[in-house]
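Asks: The following block contains a protein sequence and its predicted model.
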Amino acid sequence: MKTQRRFLLKRLFTSIAGVAGLGTSTRALAEPTLEKEVTGVVAQDDIPLYSGSTKLGNLVFVSGAGAHFEGDIRSHTDHVLKEIEKELIKAGSSMEKVLKVNVLLHDLKDYKAMNEVYKGRFGKNPPVRTTVAVHAGVPGNSWVEIDCVAYV
């Protein structure tokens, strides 16, 4: 009886893991054929700091983009989303394939105005999103910084 119950529990957990995609992601990470592809490396004093995007398998991770010019939250958000889109296209993806977005705001008072520009930019099925206001501000005097994860 114990052996049969163990067998059934093991089968149940294996099924749940498969449905949840855990089996696939574990296999994907273990496959030695996957190679990280990097685009747009930004360097300072000839030392690499970060990449514009990194691909692993069918996932694309896009670095945070900011707007480093005079302007308001609307112009900064529009600029940042266009930069994100350029990076996604370079990586073989698109705004419609974005799964997760992180938005860093210089000031939470800009949330509504940022949303007005953001709305509709990712197609009819928007990605999940986290939005926070950062206490010390966004680097480079940008009103907003956005990064994302997408698929190819």
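Replies: Perfect, I can see it now.

Asks: residue ranges for the strands of this structure, please.
Replies: Ranges of strands within the chain are 37-44, 47-56, 59-66, 98-105, 128-133, 144-151, based on DSSP state E.

Asks: Going by mean pLDDT, which of those comes out lowest?
Replies: Across those, strand 37-44 has the smallest mean pLDDT, namely a mean of 72.

Asks: Just want the angle from it to strand 47-56.
Replies: Angle of strand 37-44 versus strand 47-56, following axes from the mean of the first three to the mean of the last three CA atoms, to 10 degrees, is 160 degrees.

Asks: Restricting to C-alpha, output strand 37-44 in PDB.
Replies: Only the C-alpha atoms of strand 37-44 are listed here, as PDB (Å, rounded to 0.1, in the frame of the first residue of the first chain):
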ATOM      1  CA  GLU A  37      23.700  35.700 -26.800                       C
ATOM      2  CA  VAL A  38      24.600  39.300 -25.900                       C
ATOM      3  CA  THR A  39      23.900  42.500 -27.800                       C
ATOM      4  CA  GLY A  40      24.800  46.200 -27.300                       C
ATOM      5  CA  VAL A  41      27.500  45.900 -24.600                       C
ATOM      6  CA  VAL A  42      28.000  49.200 -22.900                       C
ATOM      7  CA  ALA A  43      31.500  49.800 -21.600                       C
ATOM      8  CA  GLN A  44      33.200  52.400 -19.500                       C
END
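
Asks: picking up where we left off before, from the strands of the chain, pick the one with the highest average neighbour count.
Replies: Between the strands of the chain, strand 144-151 has the highest mean count of neighbours, a mean of 22, where neighbours are mean count of other CB atoms under 10 Å. For the C-beta atoms, the positions are set from N, CA and C on the backbone; glycine is no exception.

Asks: Each with direction, which strands does that one pair with?
Replies: Applying DSSP bridges, strand 144-151 is found paired with strand 59-66 (antiparallel), strand 98-105 (antiparallel).
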